[in-house]
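Chemist: Build me a model:
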Amino acid sequence: MDQHKLRSLVFEKTGVKVDIDDPIFALVALNEAVLAESVERHVARIDAASLELAEQVRAAGGLPPAKAAAYEPAPAGPVKPIATQSPLVTPREQRLLAAAAGIAATAALLAALLVVGLQALFSKPAALAPAPALTQEQAAALAQAEKLTRAIGKLDAKARDQIQAELQK
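Modeler: Sure thing, here's the model as predicted:
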């Protein structure tokens, strides 16, 4: 019985830390002793039943006569522990994890919406900066452009098309 292995198995299964001096190991040792004695009794009964069955088969003529040496049952070996491995994540745990992830994502989205909404509610809109004042040259150029646009509009269609073609170049 490897107590360290049992300690880690108990911790993996239940999350409970068990000390090596814990009385539970005395119970485990007692359980092993009772199990070993029970296994020995069963092996002895099976060997006795096997001998009786072999004698009956010999009597019926199905086996050759027994040799001079009596049949000796194999000594009972150590009992191998039963594997107790379980899957890392059970289907129920997978469903719970998926539900928790969905709830967390929803909560994060709601929190983000709340923050953005409160920020929009309590923040002041930024004032638009006034456009810089035009220099006299820029104002004169804009006035000249407006006069030219009105003059082009008064020309006949052929002349307007020629002017537009020249402006595109």
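
Chemist: Got phi/psi on L118?
Modeler: phi -70, psi -40 (degrees, to the nearest 10).

Chemist: count of neighbours near it?
Modeler: 10 (other C-beta atoms under 10 Å). To be clear about C-beta, it is placed using only N, CA and C from the backbone, and glycine gets the same treatment.

Chemist: From A99, how far out is A112?
Modeler: 21 Å (C-beta to C-beta, to the nearest Å).

Chemist: Also E166?
Modeler: Distance from E166 to A99, counting by C-beta to C-beta: 72 Å.

Chemist: So which elements touch the longest helix along the chain?
Modeler: When the chain is parsed with DSSP state H, its longest helix is helix 24-60. Applying 3 or more C-beta pairs under 8 Å, 6 or more residues apart in numbering; DSSP states H and E, one finds that helix 24-60 makes contact with helix 3-14.

Chemist: Could you grab the helix/strand/coil label for A131?
Modeler: Following DSSP: H, G, I helix; E, B strand; the rest coil, we place A131 in the coil state.

Chemist: mind checking pLDDT for it?
Modeler: At A131, the model reports a pLDDT of 77.

Chemist: That one: neighbour count?
Modeler: When neighbours are counted by other C-beta under 10 Å, A131 comes out with 6.

Chemist: Check L9 too.
Modeler: L9: 15 surrounding residues under other C-beta under 10 Å.

Chemist: Kindly report the same for E40.
Modeler: 13.

Chemist: Look up how far D47 lies from it.
Modeler: Distance from E40 to D47, by C-beta to C-beta: 11 Å.

Chemist: pLDDT weak spots in the protein?
Modeler: 1, 62-63, 65-77, 79-86, 126-127 (pLDDT under 70).

Chemist: Now do the domain split for it, please.
Modeler: For the chain, the structural domains run 3-86, 90-122, 136-168, going by automatic domain parsing.

Chemist: mind checking which of these is nearest A129?
Modeler: Ranking these by proximity to A129 (C-beta to C-beta) places domain 136-168 first, at 18.1 Å.
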